[in-house]
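let's see this in three dimensions:
(one chain, ligands or ions: 1)
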Amino acid sequence: MAAKRILLIIGGGIAAYKSIELVRLLRKAGMTVRCVLTRAGEQFVTPLTLAALSENKVYTNLFDLKDEVEMGHIELSREADLVVVAPATADLLAKMAAGIADDLATTLLLATDKPVLAAPAMNVRMWLHPATRRNVATLRSDGVTVIEPDEGEMACGEYGPGRLPEPEAIKQAVAAALARTAGAVPLSGQPDFAPASHRPLYGRRLLVTAGPTHEPIDPVRYIANRSSGKQGFAIAAAAAEAGAEVLLVAGPVPLPTPPGVVRVDVETAIQMAAEVEAALPVDAAIMVAAVADWRAADTRAQKIKKDGSGDVPPLALAENPDILAGLAKSAKRPPLLIGFAAETHDVIDHAQAKLARKGCDWIVANDVSADPMGGETNRVHIVSKDGVDSWDRLPKQAVARKLMEKIADELDLRSPVDSN
Ligand code: CTP
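Residues are numbered from 1 along each chain as shown. Predicted coordinates:
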């Protein structure tokens, strides 16, 4: 099988230097890479460096007639298996969302008929700006994979989400996107990916929900819970390590996206339910999120003010959809459906009742009597109709890996779902 071909578009930004390492990693994984540098990108990395590392010509200018003779821009945009934009600046994302084609990079992005993956990098305010939020939502609904930036200290001295993910994480997302386009066909020449025997979930689609939900009361207040998201993120990471294509629907938590995981951030239970529905079909769904049971019955458009009377404003609640129970009844019910439960007492009894009530296949019952939410370890019991499998207290990563082994054994008995 021919090596996978990546067209890498490098936007301008201090993070562009990481594209050099990305090219090296993609090449090492057996892919061919063709680089396109935007004019701003050229201020940070040189075509010469990229040409040497990619062992390919680097393209910078739409009006380079010689290239139009050698290879037209339409052809350049379509000969790749995947177009990767890294770093994707706020400007590039905006142009992509609006369909603007005013230089070589944006023209290729508009002309391509291949899947596109964007790895954003920008200042935290720019990332959180409503315009960028809108553009990212538009791109995602257009089918572009926009991975979440990392959170941390920025070159500009501010702190927050907006850092370009590490090249290794982008490479993993590239591998996941290629696996999605190729169905269950393994990537060619990938010496630094784990062998198939270590990737027991290869060719499987897994959905993980994680973190709390925030239910707005008014523009400044919300109902929340103490879920840290750590166990759900560890499960998504372990699923990707095991070779699965992983979609993580995450409530608001400041955790980095695990390598190889496609993450969609949501705030409310209703948004989470919609993203879960959009992710189907999947081979297994692992519902780790601590979804708020109730939301404010009517969210106020304006901040609720004290009126000085000492009267407390009424807060009417409405019940949120039970995403897990809904999934269990759906026509697209995942073949393996796993719920989580946090219990302080009568752990097994409550879990058994919950298993029946929710209609799922397993409940991972988390005994939180000794360790509050947000800790680093969990003591869990896997409760199913076949009985109870109780594990020792383990670090959350170890729980996640052990759970993946159990899921892989279970899925081995079933053929993969057809996601087309
Ligand atoms: N869940 C869900 N949608 C909800 C509520 C919960 O999908 N609206 C899922 C969670 O992701 C988890 C399981 O259901 O997998 C937890 O069920 P829940 O009834 O919320 O359990 P507890 O929070 O332990 O609640 P209780 O104390 O009421 O038993």
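
so how far is R393 from C360?
C360 sits 24 Å away from R393, going by C-beta to C-beta, to the nearest Å. (Each C-beta comes from the backbone N, C-alpha and C, glycine too.)

now P259
According to C-beta to C-beta, P259 and R393 sit 27 Å apart.

between those two, which has more neighbouring residues?
Legend: neighbour count by other C-beta atoms under 10 Å for P259 and R393, higher for P259 (18 against 14).

quick one, what contacts that one?
Neighbour list for P259: 166, 168-169, 172-173, 237, 240 [criterion: C-beta atoms under 8 Å, 6 or more residues apart in numbering].

repeat the analysis, applying 10 Å as the threshold.
P259 is in contact with 165-166, 168-173, 175-176, 237, 240-241, counting by C-beta atoms under 10 Å, 6 or more residues apart in numbering.

likewise for M96?
Neighbour list for M96: 9, 85, 88, 105-106, 109-110, 116, 118, 135-136, 138-139, 142, 144, 146 [criterion: C-beta under 10 Å, 6+ apart].

quick check: ChimeraX command selecting the buried ones in those residues.
Of the contacts of M96, the buried ones go into a single ChimeraX selection, burial set by 16 or more other C-beta atoms under 10 Å:
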select :9,85,88,105,106,109,116,118,135,136,138,139,144,146
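
mark which of the contacts of M96 are part of helices, please.
Those of the contacts of M96 mapping onto helices are 105-106, 109-110, 135-136, 138-139, per DSSP state H.

tell me which of these is nearest to the ligand?
Relative to the ligand, the closest of these is V136; by C-beta to the nearest ligand atom it sits at 24.9 Å.

distance check, that closest one against M126.
As judged by C-beta to C-beta, V136 and M126 stand 11 Å apart.

next, show the common contact partners of those two.
In contact with both V136 and M126: 90, 93, 120, using C-beta under 10 Å, 6+ apart.

take those and keep only those in helices.
Counting by DSSP H, the part of the shared contacts of V136 and M126 found in helices is 90, 93.

most neighbours, which of the shared contacts of V136 and M126?
Sorting those by how many neighbours each has (other C-beta under 10 Å) puts P120 first, at 30 neighbours.

just checking, L255 touches G152?
No - contact criterion C-beta atoms under 10 Å: L255 and G152 do not qualify, at 11.7 Å.

and the two? Which one has more around it.
L255 (19 against 13).

with distance to the ligand and pLDDT as added columns, please give the shared contacts of V136 and M126 in TSV.
Supplementary listing: those in TSV, determined by distance: C-beta to the nearest ligand atom, whole Å; pLDDT from 0 to 100:
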residue	distance to the ligand	pLDDT
A90	33	97
L93	31	98
P120	28	96
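
the residue in the stretch 51-200 of the chain that the ligand sits nearest to: neighbour count?
Relative to the ligand, the nearest point of the stretch 51-200 of the chain is E148 (20.5 Å; C-beta to the nearest ligand atom). If you count neighbours by other C-beta under 10 Å, E148 ends up with 23.

please name every helix or strand in contact with the helix or strand containing I363.
Using DSSP states H and E, I363 sits in strand 362-367. Identification of packing neighbours for strand 362-367 by 3 or more C-beta pairs under 10 Å, 6 or more residues apart in numbering; DSSP states H and E yields helix 230-241, strand 284-287, strand 336-343, helix 347-358, strand 377-378, strand 380-384, strand 387-390, helix 396-411.

again, only using 6 Å
Where contact means 3 or more C-beta pairs under 6 Å, 6 or more residues apart in numbering; DSSP states H and E, strand 362-367 is packed against strand 336-343, helix 347-358, strand 380-384.

which one of those lies nearest to the ligand?
Of all the helices and strands packed on strand 362-367, strand 336-343 comes closest under C-beta to the nearest ligand atom, at 3.5 Å.

ok now the closest one, how far from the chain's centre?
A distance of 21 Å separates the centroid of the chain from that of strand 336-343, by C-alpha atoms, centre = their mean, to the nearest Å.

next SSE downstream of the helix or strand of the chain with the lowest mean pLDDT?
Ranking every helix and strand in the chain by mean pLDDT, DSSP states H and E puts helix 65-70 at the bottom, with a mean of 53. Where DSSP H and E defines the elements, the next helix or strand beyond helix 65-70 is helix 73-78.

got the CA coordinates for that following helix in CSV?
C-alpha atoms of helix 73-78 as CSV (Å, rounded to 0.1, in the frame of the first residue of the first chain):
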residue,chain,number,x,y,z
HIS,A,73,-3.1,24.3,-7.2
ILE,A,74,-6.2,22.2,-7.6
GLU,A,75,-4.1,19.1,-8.1
LEU,A,76,-1.9,20.0,-5.2
SER,A,77,-5.0,20.3,-3.0
ARG,A,78,-6.3,16.9,-4.0
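
report the rounded mean pLDDT for that helix.
On average, the pLDDT along helix 73-78 is 82.

what segments of the stretch 151-300 of the chain are strands?
159-163, 205-210, 215-218, 221-223, 245-250, 261-265, 284-287, 294-296 (DSSP state E, counting those that start in this stretch).

got the contact list for the residue positioned nearest the centre of the chain?
The structure's the chain has its C-alpha centroid closest to R263; by C-alpha atoms, centre = their mean the separation is 1.5 Å. Shown in contact with R263 (C-beta atoms under 6 Å, 6 or more residues apart in numbering): 148, 248, 250, 257.

could you measure from it over to T145?
For R263 relative to T145 (C-beta to C-beta), the value is 10 Å.

picking that back up, what about the strands of the stretch 151-300 of the chain, which gets the closest to E343?
strand 284-287 (15.7 Å; C-beta to C-beta).

for the closest one, the distance to its chain's centre please.
Computed by C-alpha atoms, centre = their mean, the chain-centroid distance of strand 284-287 equals 15 Å.

mean confidence for it?
Mean predicted lDDT for strand 284-287 stands at 98.

with stretch 157-164 instead?
Mean predicted confidence for stretch 157-164 is 84.

hmm, who's touching it?
15, 18, 87, 119, 121-124, 127, 149-153.
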